[in-house]
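>>> Pasted the sequence and its predicted model underneath.
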Amino acid sequence: MAGLRSTVRAEPLTAGREFLVGLMNAQGVTDESWWIDTSPPNIAHADRIAKLIPEALFVHMVRDGRDSAASVMAETWGPDDPVTAVEWWAVRMRRAHRALRQIPPERVLTLALEDLVVFEREQSYRAVLDFLSLPDRPRMRRYFSDRMPAERVKPGSWRSRVADPGALERAYETARDRLIQEGIEIHEAH
């Protein structure tokens, strides 16, 4: 630990890389070419991650803000009112936008969850593989089929998932318009 502390002071990026490799090794990841992290908050730190891992690629999954807000409202840790839930979504969109502006565009693929899982499944799946320069392997295809069935994502379900869909829609429209004015691209389900 003392070695890490002294390296952090002298060479923070080197220390970060060493810590990351140590973390991966502790989890049994030793000879992998790819490390995929699906933690949603990490996209807000894409600029920092890119400094730490210069060859990193980023797949930014976006979702209709109304469905995102409805989902977070259903969580015990999430806000329980539509206005706060929509603001939760908008803050995350802003943070992601700020971080991704620092990344060269060829290292970022923005993809709508609804397209990947429901509307444009095959085309979106292929786009991810092409972006990552990966072949379509049977194991990945099975994982995609088994773990991401179309019925798992229900675009527009926010209308039936919240007690006051009108309040959610009004809050969303306000937040959406502000994001667009700020130059932040949003996604709305078909």
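In hand now; what should we look at? Numbers count the residues shown, from 1 in each chain.
>>> Not counting its own residues, what contacts stretch 143-154?
Asp67, Leu113, Glu114, Leu116, Val117, Val118, Arg121, Tyr125 (C-beta atoms under 8 Å, 6 or more residues apart in numbering). (C-beta placed from N, C-alpha, C; glycine too.)
>>> Look up how far Arg101 lies from the second one.
Counting by C-beta to C-beta, to the nearest Å, the separation of Leu113 from Arg101 is 21 Å.
>>> can you give me the helices in this protein?
2-10, 12-26, 46-52, 65-73, 82-100, 113-114, 121-132, 138-147, 158-161, 165-181 (DSSP state H).
>>> circling back to that earlier point, what about Leu113 and Arg101, which has more around it?
More crowded of Leu113 and Arg101, by other C-beta atoms under 10 Å: Leu113, with 20 against 13.
>>> Number of residues surrounding the nearest residue to the more buried one once chain neighbours are set aside?
Take Leu113 and drop its neighbours on the chain: the residue closest to it by C-beta to C-beta, 6 or more residues apart in numbering is Arg63, 4.5 Å away. Using other C-beta under 10 Å, Arg63 has 21 neighbouring residues.
>>> repeat for Val118
Applying other C-beta under 10 Å, we find 20 residues neighbouring Val118.
>>> Same check on Arg48?
14.
>>> which residues sit against stretch 175-190?
With contact meaning C-beta under 8 Å, 6+ apart, stretch 175-190 is reached by 62-65, 67, 86-87, 89-90, 93-94, 97, 110, 112, 114, 119, 155-156.
>>> Mind checking which of those residues are buried?
Burial by neighbour count, judged by 16 or more other C-beta atoms under 10 Å, picks out 62-65, 67, 86-87, 89-90, 93, 97, 112, 114, 155 from the contacts of stretch 175-190.
>>> Let me know the closest of those to Pro79.
Nearest to Pro79 out of these is Glu87 (C-beta to C-beta; 7.9 Å).
>>> Now do the same contact list for that closest one.
If a contact means C-beta under 8 Å, 6+ apart, then Glu87 has Pro79, Ala171, Ala175 as its contacts.
>>> One more pass at 6 Å, please.
Applying C-beta atoms under 6 Å, 6 or more residues apart in numbering to Glu87 gives no contacts.
>>> Numbering from 46 from now on, please.
All set: I'll call the first residue 46, so the last point we hit is now Glu132.
>>> what's the distance between it and Glu230?
Distance from Glu132 to Glu230, counting by C-beta to C-beta: 18 Å.
>>> for Trp134, same thing?
Counting by C-beta to C-beta - Trp134 and Glu230 are separated by 14 Å.
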